[in-house]
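# quick one, fold the following:
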Amino acid sequence: MLLLWLFFIVVIVVAVVSAVVSLKRLGLGTVVVVVVVVAFAVIIVVVIVVAVVVFVLVAFLVVFVCLFVCLFFKSLINLLQITLQRLAAQVCGLFVDVEEKNFERRIATVLPIVASVIAPDQFEPVI
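Presented below is the predicted three-dimensional model:
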């Protein structure tokens, strides 16, 4: 950032010197040259300040949009995860309904998996 400001200062100095030389060649008085040079320098400074303000505003806008997108996708992923867990529970229920008595031999395998999936300490509160 410091290099950018140094570059702007060099540009202003070069522009002012160029304006002074050009106005002196035209034979204008010293007061006119000073007024024109000061006005020119003020215009350049205003343009630089406006450019910096626009740059800062654009940077804030980009950060805001990135945060909004991140929060949106996080809530979307949470919603999909909850939906998939409900679907898995429904599929397990259908599997039990179809298997009926044959499911008893699979219960020893399925119950530890179901218990690990629905353990309350693994869940984060959904807000």
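# the helix or strand encompassing Phe7: how far from the chain's middle?
Secondary structure from DSSP states H and E places Phe7 in helix 2-25. Relative to the centre of its chain, helix 2-25 is centred 36 Å away, using CA atoms, centre = their mean, to the nearest Å.
# which residues touch that helix?
When contacts are defined by CB atoms under 8 Å, 6 or more residues apart in numbering, helix 2-25 is touched by residues Val32, Val33, Val36, Val37, Phe40, Ala41, Ile44, Val45, Ile48. From N, CA and C alone the C-beta is placed, and that goes for glycine too.
# which of those are buried?
Taking 16 or more other CB atoms under 10 Å as the criterion, what is buried in these is Val33, Val36, Val37, Phe40, Ile48.
# longest helix anywhere in the chain?
Secondary structure of the chain per DSSP state H: the longest helix is helix 30-99.
# what about that one, average pLDDT?
Helix 30-99 shows a mean pLDDT of 82.
# Val10 and Val17, how far apart?
11 Å (CB to CB, to the nearest Å).
# repeat for Ile9
According to CB to CB, Ile9 and Val17 sit 13 Å apart.
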